[in-house]
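Novice: Sequence first, predicted model second:
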Amino acid sequence: MKALVYHGPGFRSYEEKPMPIIKDSTDAILKMTKTTICGTDLHIIKGDVPSVTDGRILGHEGVGIIEQIGENVSNFHVGEHVLISCISSCGKCTNCKKRMYSHCENGGGWILGNLINGTQAEYVRIPFADNSLYSIPAEADEEALVMLSDILPTGFECGVLNGQIKPGDTVAVIGAGPIGLAVILTAQFYSPSEIIVVDNDDNRLEVAKKFGATQVIHNDLGNAAEKIMVLTNNRGVDVAVEAIGIPSSFDICQAIVTAGGHIANVGVHGKPVQLNLDKLWAQNITLTTQLVDTVTTPMLLKTVMSGKLQPSQFITHHFTLDEVMQAYDTFGNAMKEEALKVIITNGIMMDKVEQVSDIFSNAMLEQTTLKDQLAFNDSLGG
Ligand SMILES: [Zn+2]
Ligand SMILES: [Zn+2]
């Protein structure tokens, strides 16, 4: 099968890899239908994630169809259409019982596209399938559901729930990448009065407004904290969400959090930050950190199905799996390309089938070839 493979810092290739096989009785093998690229994948390519070794297939998000299940998988059947959680979890260990799936003690956690082969491939092995997959309702837009593998639960759990956003709160989101935008969307479940968004990219700030930001601040002069204090009459914000993962954005959060407020860290930090306890020790603040547990995925799935949450807004680009190298180039130049999330389809996309159809009919090729391709595409549900 074909897959996107990491080959040490700076190197990736699209190449032939062996098909995954069932290793444990709780595994499922999925044929991928759609996947995407995460900011974390770019960090891996840069060499920032040393747990990922040469030869690893990347990707921890996507939807697919179950091809094979181990004998102890009881919640799913072959042929079922499923959403993959970026976190694999046994559901039985002490941490899983505490709904802390990201710290599963039986070898789960964030392992897909990290410690084991991931989803940017034609097929993937999902360990602990019963607790790590979610059934997709027949009428769902599976492309939109790809956003539920990682970014929406991450924004919601690590930003909104940890930040304890309440009706009427003033919220600041530092960083308007896909995760920051996921925070903006899901914060609105709780009707905050203001959502102030800080970023350095004009396009992302425009998008943030569409997603529900009430004020946007371009931080080109590095004075976002002062601007937020002016906007809030020097009161600061009830909840500051750090959605980048660099010291300067954490510093903004420390400077703007009001007494009794929350700093919810979502960003992945590669360097230490300074904690200004000399200013904060008496401010009754709460600082939270978390790796997403994806325990809210069923609830988020319901809000998507009801139309209250529309994750398709994140999708800016489409590629086929064969174009995954190009997809990385585009996502890696997100600012220039105005990219948020790219969808990578395994198989032939419908608009491409139409193009192929023209070429085929022009060439008077056998009808069966096209029919086969259409049937193939149908079998992918798209
Ligand atoms: Zn991710
Ligand atoms: Zn566990």
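Specialist: Here it is on my side, so go on. Ligands and ions are numbered 1, 2, ... in the order given.
Novice: so where's the stretch 1-150 of the chain shaky on pLDDT?
Specialist: Scanning the stretch 1-150 of the chain for pLDDT under 70 picks out nothing.
Novice: And the residue of it closest to ligand 1?
Specialist: Sorted by distance to ligand 1 under CB to the ion, the residues of the stretch 1-150 of the chain start with residue 38, at 3.0 Å. Backbone N, C-alpha and C define where each C-beta goes, glycine included.
Novice: any idea how far that residue lies from residue 270?
Specialist: Shown here: residue 38 relative to residue 270, a distance of 16 Å by CB to CB, to the nearest Å.
Novice: Comparing the two, which shows the higher neighbour count?
Specialist: Under the criterion of other CB atoms under 10 Å, the comparison of residue 38 against residue 270 puts residue 38 first, with 24 against 12.
Novice: wait, the more buried one sits on residue 61?
Specialist: Yes: taking CB atoms under 8 Å as the contact criterion, residue 38 and residue 61 are neighbours in contact, 6.2 Å apart.
Novice: Could I get the full set of helices for the stretch 151-300 of the chain?
Specialist: Across the stretch 151-300 of the chain, reading from the start of the chain, the helices by DSSP state H, counting those that start in this stretch fall at 151-154, 162-163, 178-187, 202-211, 224-231, 247-256, 277-280, 297-305.
Novice: Tell me which of these lies nearest to ligand 2.
Specialist: helix 297-305 (15.8 Å).
Novice: How far off centre is the helix or strand following the closest one?
Specialist: Scanning forward in sequence from helix 297-305, with DSSP states H and E defining helices and strands, the next element found is strand 315-320. With CA atoms, centre = their mean, to the nearest Å as the basis, the distance from the averaged C-alpha position of strand 315-320 to the chain average is 15 Å.
Novice: swap in stretch 195-206?
Specialist: For stretch 195-206, the distance to the chain centre is 19 Å (CA atoms, centre = their mean).
Novice: Which positions in that stretch come out as buried?
Specialist: Residues of stretch 195-206 classed as buried by neighbour count (16 or more other CB atoms under 10 Å): 195, 196, 197, 198, 199, 200, 201, 203, 204, 205.
Novice: Which of these fall within strands?
Specialist: Members of those lying in strands (criterion: DSSP state E): 195, 196, 197, 198, 199.
Novice: Quickly list what's touching both of residue 38 and residue 61.
Specialist: A shared contact of residue 38 and residue 61, defined by CB atoms under 8 Å, 6 or more residues apart in numbering, is any residue touching both; here these are 86, 150, 151.
Novice: how many neighbours does the first one have?
Specialist: By other CB under 10 Å, 30 other residues sit near residue 86.
Novice: same deal with the last one?
Specialist: As a burial measure, residue 151 scores 28 neighbours (other CB under 10 Å).
Novice: In contact with it, which residues?
Specialist: When contacts are taken as CB under 8 Å, 6+ apart, residue 151 is in contact with 38, 61, 178, 179, 181, 182, 314, 341.
Novice: Taking those residues together, which two end up most distant?
Specialist: Across the contacts of residue 151, the two members that end up farthest from each other (CB to CB) are 61 and 181, 15.3 Å apart.
Novice: Okay, residue 288 and residue 130: tell me how far apart.
Specialist: For residue 288, the distance to residue 130 - CB to CB - is 29 Å.
Novice: more neighbours, these two?
Specialist: For the pair residue 288 and residue 130, the greater number of neighbours falls to residue 130 (19 against 16), based on other CB under 10 Å.
Novice: Specify the local secondary structure of the residue nearest to that one when sequence neighbours are not counted.
Specialist: For residue 130, the nearest residue in space outside its immediate sequence neighbours is residue 75; the separation is 4.4 Å by CB to CB, 6 or more residues apart in numbering. Using DSSP: H, G, I helix; E, B strand; the rest coil, the three-state assignment for residue 75 comes out as coil.
Novice: again, but for the one 3 residues further on
Specialist: Using three-state DSSP as the criterion, the local structure at residue 78 reads coil.
Novice: unless I'm mixing things up, it is touching residue 70, no?
Specialist: No: using CB under 8 Å, residue 78 is not in contact with residue 70; the gap is 11.4 Å.
Novice: more neighbours, the two?
Specialist: Set residue 78 next to residue 70 and count neighbours by other CB under 10 Å: residue 70 wins out with 17 against 12.
Novice: thought residue 290 was touching residue 159?
Specialist: No: proximity of residue 290 to residue 159 does not meet the contact threshold set by CB under 8 Å, at 9.3 Å.
Novice: Spit out the residues that contact those two alike.
Specialist: Between them, residue 290 and residue 159 share these contacting residues under CB under 8 Å, 6+ apart: residue 266.
Novice: more neighbours, those two?
Specialist: Each of residue 290 and residue 159 had its neighbours counted (other CB under 10 Å), and the higher figure belongs to residue 159 (30 against 16).
Novice: Now that one: closest residue in space that isn't a chain neighbour?
Specialist: Nearest residue to residue 159 in three dimensions, chain neighbours excluded: residue 183, at 3.8 Å (CB to CB, 6+ apart).
Novice: What is the burial count for the one you found?
Specialist: Neighbour count for residue 183, taken as other CB under 10 Å: 34.
Novice: And the residue of the stretch 1-150 of the chain closest to ligand 1, how far from residue 147?
Specialist: The span separating residue 38 from residue 147 equals 11 Å under the rule CB to CB.
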